[in-house]
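Peer 1: sequence first, predicted model second:
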Amino acid sequence: MGAGSDDSRALARYTWPEVQLRSGREEKWLVIDRKVYNISEFCKRHPGGVRVISHYAGQDATAQAGWLQHDFGHLSVFGTSRWNHVVHKFVIGHLKHHAKPNCFRKDPDINMHPLLFALGKTLAIELGVQKKKHMPYQHQHNVCDCSSPVTQCVCLQDLAWMLSFYLRFSLSYLPLLGGPATLALFFLVRFIESNWFVWVTQMNHIPMDIDRDRNKDWLTMQLEATCNVEQSLFNDWFTGHLNFQIEHQ
C-alpha cells in the first residue's frame, strides 16, 4: 500500500495490520485512496470533531460524503456562495448518513444499549449470556421497539422558527380553548406525532444488524443498516414513502 505522511514525502509501504494497530488514543492512522495518513494531531483540529474522524482510525476512509459536504459547507468548491449552499444541502440531505450506522459505540442512534435497552440480535444475546440469571435479554430484540435520543445543535435561525411556532400555536388556540386545554392539546399532538415518528423510523432501521464495527465499506454498512417495508397504499401514506428506505438512503 502506498503511503502518504504529514511529515515526510518519502515513499513508504504499510500493511493493513500495521495500519490497524494505529487506532488508539495516542496514535491514529487512516487510509484514503490507498494513501496512509497520520491523523494523530489533525483529529484534534478536525471541523467535525475528533470522535467522528476517529471512527475510521485504522480503516479505509475513502469516499466519505461527509468530507464532501464539509467542503461545500465552507463555500470552497464553487465560486458563488449560493451554489455551495445548494449543493451542500443536497449532499448532506440525500447522500450523507451516519459514518458508522448501527455500529455499537460509534452510532449515536443506538447509544441506549445496554443502559436502557438491548439492541440487535448479536448484542442482545451477548448481554443475555452475561446476565442470564436476571432476565432473558437474549430474546428482547424480538419484541422491543424503541427510539433513541437525538442531540441537535440549534442555531439562531432554528431557534427563531421554533419560537415562532409556539407563538402561532398559542395565538391560535389560547383564545378558543384557554390555557389548560391548549396545553393538553399540545401534548396530545406531540404524543401522537412522536409515536408516529418512532414507528416510521425504527421499522426500517432497528430490525437490521446492530453490532460492533466490523470494518465494512461505507455503502455496505448503509444498506445493511436499513430495510424496505412492504409497499401498500396505507404504508406509503403512513411513512411518507419512507418505506422505500433503501432508495431513500
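Peer 2: Done, it's in. The shown structure was predicted, so the numbers you read here are calculated from the model rather than taken from an experiment.
Peer 1: domain ranges for this structure?
Peer 2: 16-64, 155-203 (the TED database).
Peer 1: most tightly packed of these?
Peer 2: Counting by mean count of other Cβ atoms under 10 Å, domain 16-64 has the highest mean neighbour count of the domains of the chain, with a mean of 15. For glycine as for every other residue, the C-beta is placed from the backbone atoms N, C-alpha and C.
Peer 1: for Arg212, which of the domains of the chain is the nearest?
Peer 2: domain 16-64 (12.1 Å; Cβ to Cβ).
Peer 1: what residues does stretch 14-22 touch?
Peer 2: Under the contact criterion Cβ atoms under 8 Å, 6 or more residues apart in numbering, stretch 14-22 has outside partners 1, 3, 28-31, 36, 38, 40, 57-59.
Peer 1: quick revisit: of the domains of the chain, which approaches Leu219 most closely?
Peer 2: So among the domains of the chain, domain 16-64 is nearest, using Cβ to Cβ, at 8.7 Å.
Peer 1: tell me the mean pLDDT over the closest one?
Peer 2: Mean pLDDT, domain 16-64: 83.
Peer 1: how close does Gly240 sit to Leu223?
Peer 2: 21 Å (Cβ to Cβ, to the nearest Å).
Peer 1: more neighbours: these two, which one.
Peer 2: Leu223 (14 against 10; other Cβ atoms under 10 Å).
Peer 1: ok, for the more buried one, nearest residue in space, not its chain neighbours?
Peer 2: Ile246 (6.4 Å; Cβ to Cβ, 6 or more residues apart in numbering).
Peer 1: was I right to think the one you found contacts Thr226?
Peer 2: Yes. Ile246 lies in contact with Thr226 (Cβ atoms under 8 Å); the separation is 6.1 Å.
Peer 1: returning to that earlier point: among the contacts of stretch 14-22, which ones are in strands?
Peer 2: Of the positions in the contacts of stretch 14-22, 29-31, 36, 38 sit in strands, assigned by DSSP state E.
Peer 1: looking at the residues you listed, point me to the pair that's furthest apart.
Peer 2: Applying Cβ to Cβ across the ones in strands among the contacts of stretch 14-22, the maximum distance is between Val31 and Asn38, 11.2 Å.
Peer 1: what about the helices in this protein?
Peer 2: Ranges of helices in the chain, per DSSP state H, are 16-21, 50-54, 65-73, 81-90, 121-130, 156-177, 179-202, 218-224, 233-239, 245-248.
Peer 1: just the buried positions in the fourth one, please.
Peer 2: Residues of helix 81-90 classed as buried by neighbour count (16 or more other Cβ atoms under 10 Å): 84, 87-88.
Peer 1: can you check the shortest one too?
Peer 2: Residues of helix 245-248 classed as buried: Gln245 (neighbour count, 16+ other Cβ under 10 Å).
Peer 1: ok, residues contacting that helix?
Peer 2: Against helix 245-248 from outside (Cβ under 8 Å, 6+ apart): 204-205, 223, 226-229, 241-242.
Peer 1: reformat these as TSV; add distance to Asp71 and pLDDT.
Peer 2: Converted to TSV, the contacts of helix 245-248 look like this (distance: Cβ to Cβ, whole Å; pLDDT from 0 to 100):
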residue	distance to Asp71	pLDDT
Asn204	30	74
His205	28	71
Leu223	25	75
Thr226	26	78
Cys227	32	80
Asn228	32	84
Val229	35	84
His241	30	79
Leu242	28	78
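Peer 1: buried ones only from those, please, as a ChimeraX command.
Peer 2: Listed next is the ChimeraX selection for buried residues among the contacts of helix 245-248, using 16+ other Cβ under 10 Å:
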select :204,205,226,229,242
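Peer 1: ok, so of the contacts of helix 245-248, who is nearest Arg190?
Peer 2: Nearest to Arg190 among the contacts of helix 245-248, with distances taken as Cβ to Cβ, is Leu242, at 20.0 Å.
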